[in-house]
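Novice: need coordinates for the below:
(one chain, ligands or ions: 2)
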Amino acid sequence: MTNPSRSALIDRLPKAELHLHIEGSLEPELLFALATRNGVAIPFDTIEAVRAAYDFSNLQDFLDIYYQGMSVLLTEQDFFDLTWAYLERAKADNVRHVEIFFDPQGHTERGVAFETALNGIEAALKAGEAELGISYRLIMCFLRHLSEEDAFATLEQALPHLERIHGVGLDSSEVGHPPAKFQRVFARARELGLHVTAHAGEEGPPEYVHEALDLLEVERIDHGNRALEDAALVERIAAEGLTLTVCPLSNLKLCVIGDITDSPVKRMLDLGLKATINSDDPAYFGGYIGANFHAVADALDLSEAEVVRLAENSFTGSFLPMADQIQHLAEIAEVARG
Ligand code: ADE
Ligand code: ZN
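Specialist: Numbering: from 1, shown residues only. Ligands and ions are numbered 1, 2, ... in the order given. This next block holds a predicted model:
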């Protein structure tokens with residue numbers, strides 16, 4: 001149920017977003033505009049038809065449409081426009097820091113250069129920092145349905161740009177593509193000084209979360225829903241203070257949960273886990289970070305203290321230096337005092 005005081009608090013709280021695929025923020029309106037600008041054919045006649053197609057039974061259903069959507073992204077300007085549109089939405093939700101994913105292989109596979117995506121995204125992130133006051137980190141993901149060799153080739157392409165890329169992640173079709181497949185490429189990324197995170201336990205079993213921790217040595221777990229099936233794993237994640245980047249509306253749209261009231265966010269907090277709220281692919285899942293906060297707070301009747309905790313976790317789970325985290329926490333405390 002909606003609670004006006006809690007709703008106002010959610011809107012006013014400074015937030016960080018730690019799990020956002022920039023290609024998943026491609027709204028149908030921009031999809032059409034870029035298709036027209038670039039002369040790319042898309043299999044939809046109207047924006048309503050696009051939205052109607054966003055009806056998924058599982059992760060793969062979504063991914064098929066997500067990769068198709070990327071086909072309109074061709075130039076640096078396209079990537080700039082995409083990223084800028086996301087940052088304006090984030091600003092409206094009081095987001096102060098973003099750690100966004102991009103999928104280089106989704107572009108290089110289509111003949112779009114690694115640098116075209118990187119330059120456009122980064123230019124918007126820099127403009128967002130200067131004009132909107134939103135700091136950022138950029139994380140490149142390896143597509144796990146592709147080979148280890150392909151991931152290594154992608155890491156190679158990143159080498160001249162390591163000062164512009166802060167971390168690596170692992171996304172795409174989870175089941176059948178365990179973290180073990182990418183153990184060596186993650187080891188190399190860590191050697192290069194990159195942060196490491198991975199999607200684990202979204203559809204995949206708790207064993208994949210164990211592997212992400214043991215073999216990839218991830219600093220965060222993206223999603224992590226199915227970790228809750230394994231009590232020893234829960235204890236370990238809590239003891240190590242690892243952050244889980246939970247995506248409530250994504251979980252609902254991809255049928256990871258049957259109803260928003262089944263979101264694991266409150267259970268995770270009750271178990272002492274550092275859960276955060278994120279939007280994943282907001283253009284496809286029906287809402288940005290603010291909408292995700294409101295959806296779980298209302299469905300799970302979160303206390304104001306829990307809502308504040310989620311905002312705090314978003315900064316303490318970020319890759320920001322401690323001094324910056326402390327500054328954000330102080331601002332949260334001020335907002336929480338009212
Ligand atoms: N790529 C974009 N969104 C994703 C998700 N939720 N899971 C795995 N890969 C993704
Ligand atoms: Zn994701």
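
Novice: and the residue of the chain nearest ligand 1?
Specialist: Closest approach between the chain and ligand 1, counting by Cβ to the nearest ligand atom: residue 171, at 3.5 Å. C-beta coordinates here come from the backbone N, C-alpha and C atoms, glycine included.

Novice: now that residue, nearest residue through space, not along the chain?
Specialist: residue 141 (4.4 Å; Cβ to Cβ, 6 or more residues apart in numbering).

Novice: phi, psi of the one you found?
Specialist: When read as degrees, to the nearest 10, the backbone of residue 141 gives phi -100, psi 150.

Novice: would you mind giving me the confidence score for it?
Specialist: Looking at residue 141, its pLDDT is 99.

Novice: that one is in contact with residue 169, isn't it?
Specialist: Yes: Residue 141 lies in contact with residue 169 (Cβ atoms under 8 Å); the separation is 4.1 Å.

Novice: pull out the buried positions in the one helix or strand residue 29 maps to.
Specialist: Assigned by DSSP states H and E, residue 29 falls within helix 28-38. Buried residues in helix 28-38, defined by neighbour count with 16 or more other Cβ atoms under 10 Å: 28, 30-32, 34-35.

Novice: what does stretch 308-328 give?
Specialist: With burial defined by 16+ other Cβ under 10 Å, the residues of stretch 308-328 counted as buried are 308-320, 325, 328.

Novice: now find how far off-centre that stretch is within its chain.
Specialist: Taking Cα atoms, centre = their mean, to the nearest Å, the mean C-alpha location of stretch 308-328 is offset from the chain mean by 16 Å.

Novice: got the contact list for it?
Specialist: For stretch 308-328, the external contacting residues (Cβ atoms under 8 Å, 6 or more residues apart in numbering) are 9, 13-18, 96-97, 99, 135, 137, 166-167, 195, 219-220, 243, 245, 265, 269, 274-277, 293, 302, 329, 332, 336.

Novice: keep only those of these that are in helices.
Specialist: Per DSSP state H, helices hold the following members of these: 9, 265, 269, 293, 329, 332, 336.

Novice: most neighbours among those, please name it.
Specialist: Neighbour tally across the ones in helices among the contacts of stretch 308-328 (other Cβ atoms under 10 Å): the maximum, 28 neighbours, falls on residue 293.

Novice: surely that residue and residue 9 touch.
Specialist: No: contact between residue 293 and residue 9 fails when scored by Cβ under 8 Å: they sit 9.6 Å apart.

Novice: mutual contacts of those two, please.
Specialist: Common neighbours of residue 293 and residue 9 are listed as residue 307 (criterion: Cβ under 8 Å, 6+ apart).

Novice: burial check on residue 40, number of neighbours?
Specialist: Residue 40 is flanked by 13 other residues according to other Cβ under 10 Å.
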